[in-house]
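**Student:** got a predicted structure here, sequence first:
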Amino acid sequence: MTEQKSIFSTQFFLLCLSSFLFFASFNMIIPDLYDYLTSMGGGEKKGYIIALFTITAGLSRPFSGKLSDTIGRIPVMVIGAGVCFAMGFVYPIVGSVWALLLLRFFHGFSTGFKPTGTSAYIADIVPVHRRGEAMGYSGLFGSIGMAAGPSLGPKITAAFGLNTMFYTSSVLALLSVIILIGMKETLSNKQRFHPRLLKVNKDEILEPRVFNPSLVFMLTAFSFGAALTLMPDLAIEVGFDQDDKGVFFGVFVVSSLLIRIVAGKASDKFGRVIVLKIAAFAIVIADIMVAFTTTQPMLIASSIAFGIAVGMNTPTIYAWTIDLSLDSARGKGIATMYIALEIGIGLGAYIAGHIYSNEAENLRTAFLACAGMAFLAFLFLNFGLNWSKRVFHKYLTT
């Protein structure tokens, strides 16, 4: 499909709205899910809530990438949202710690598919020289959903009960698919689905061309995985009420609104790497601020800093990944990037949760570890790119 001259179109707007609904759907359950797990006697396993989810998301990426490049972008989006829709009806009947953790494992298939199809579709329709800006807008809507969900979820639970909150999550996932009805598929020469397409060869798992943005994403996403796991507890620790424990996510998104667009445009004009150097260092600073947070104003300030840093980082990495991907393997390139993202989030959630171990005095150590990982990304961007070019030279010249 020929790309349009402008970013803004009905298709692009619907994709952004779909991303908002989808990300709100699976993120709205997270704050109450920690309490749900604790009520079952599994409080020390909080790190698994995010880690298991991201493991499955990562494992499913090679399949979603291949299917996106064969049967089409839209079917892959429908599969991802469909899984999310089904899971909301299963959470209320879960009765044990291990059953809940198993459900989180299966729920991860949703993000393994939906964002891959969405990103590939957007890359198909926007101008090459405005990819960073387009990914900024798209990420903006996704981030609003990621913030609105955790902010809204506990309020629904408080007013109508936990089960209603889970069902609401399913409804939002369903709406994210319904609004895509009637959209034209952008993949040319698409194939009919056949079970053999589910066989993924080793050369179809990862795209070496996108190693650089993927590594940076993995190292910087570590902080986000930790924040998803520990921020609700930190909010309570500094004095916020149970209903407001998702305050970090709300502030995080508001602070990232404008910077996403600005950073996307800047990366289109000045280059991806320079913007990512600034973003990685900003994540280091934000993590240190979180580590030393002891009051509500400090939490708000650190949330703002974190939102600005991630708002610069994410759309730039998306655009860089698409820049490096072959048109015929765009889905695989995007899937590789998302695998790195899931690894980073999963490791951040698991390691930070293990360090924390439900002991407030360990929060500082956990976030200082996150700062260390982000600093590694900063070092790689400054000193490791030439090494990477030598290692992956044969892939970058074919």
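**Tutor:** Alright, I've got the coordinates.
**Student:** point out where the protein drops to low pLDDT.
**Tutor:** 1-6, 242-246, 392-398 (pLDDT under 70).
**Student:** now the strands for the stretch 201-350 of the chain?
**Tutor:** Applying DSSP state E, counting those that start in this stretch to the stretch 201-350 of the chain gives no strands.
**Student:** which SS class is the spatially closest residue to residue 175 that is not a sequence neighbour?
**Tutor:** Excluding the flanking residues, the one nearest residue 175 by C-beta to C-beta, 6 or more residues apart in numbering is residue 21, at 5.1 Å. Placement of C-beta: from N, CA and C, glycine included. Recorded secondary structure, residue 21: helix (DSSP: H, G, I helix; E, B strand; the rest coil).
**Student:** quick one, what contacts residue 21?
**Tutor:** 145, 172-173, 175-176, 179 (C-beta atoms under 8 Å, 6 or more residues apart in numbering).
**Student:** let's see if you can find the most crowded of those.
**Tutor:** residue 176 (28 neighbours; other C-beta atoms under 10 Å).
**Student:** isn't that residue right next to residue 22, touching?
**Tutor:** Yes. Judged on C-beta atoms under 8 Å, residue 176 makes contact with residue 22 at a distance of 4.1 Å.
**Student:** who touches both of these two?
**Tutor:** Contacts common to residue 176 and residue 22, judged by C-beta under 8 Å, 6+ apart, are 81, 84, 114.
**Student:** just give the nearest non-adjacent residue to the last one, would you?
**Tutor:** Setting aside the residues directly before and after it, residue 114 is nearest to residue 80 in space (C-beta to C-beta, 6+ apart), at 2.9 Å.
**Student:** over to residue 40?
**Tutor:** That would be residue 97: by C-beta to C-beta, 6+ apart, it lies 4.8 Å from residue 40.
**Student:** check contacts around the one you found.
**Tutor:** Here residue 97 is in contact with 37, 40-42, 45 (criterion: C-beta under 8 Å, 6+ apart).
**Student:** ditto for residue 344
**Tutor:** Residue 344 touches 217-222, 224-225, counting by C-beta under 8 Å, 6+ apart.
**Student:** how about residue 152?
**Tutor:** Contacts of residue 152 (C-beta under 8 Å, 6+ apart): 24, 28.
**Student:** again, only this time at 6 Å
**Tutor:** Shown in contact with residue 152 (C-beta atoms under 6 Å, 6 or more residues apart in numbering): residue 28.
**Student:** kindly report the same for the one 4 residues further on.
**Tutor:** Counting by C-beta under 6 Å, 6+ apart, residue 156 touches 165, 168.
**Student:** quick one: buried residues of the strand or helix carrying it?
**Tutor:** Per DSSP states H and E: residue 156 is located in helix 131-160. Neighbour-count burial for helix 131-160 flags 131-154, 156-157 (criterion: 16 or more other C-beta atoms under 10 Å).
**Student:** for that helix, the distance to its chain's centre please.
**Tutor:** Using C-alpha atoms, centre = their mean, to the nearest Å, the mean C-alpha position of helix 131-160 is found 11 Å from that of the whole chain.
**Student:** neighbours of residue 328, just the number please.
**Tutor:** The burial count for residue 328: 9, using other C-beta under 10 Å.
**Student:** for residue 207, see how far away it is.
**Tutor:** Separation of residue 328 from residue 207 (C-beta to C-beta, to the nearest Å): 11 Å.
**Student:** between the shared contacts of residue 176 and residue 22, which is closest to residue 258?
**Tutor:** Nearest to residue 258 among the shared contacts of residue 176 and residue 22, counting by C-beta to C-beta, is residue 114 at 25.6 Å.
**Student:** doesn't residue 77 make contact with the closest one?
**Tutor:** Yes. Residue 114 is within contact range of residue 77, at 5.3 Å (criterion: C-beta atoms under 6 Å).
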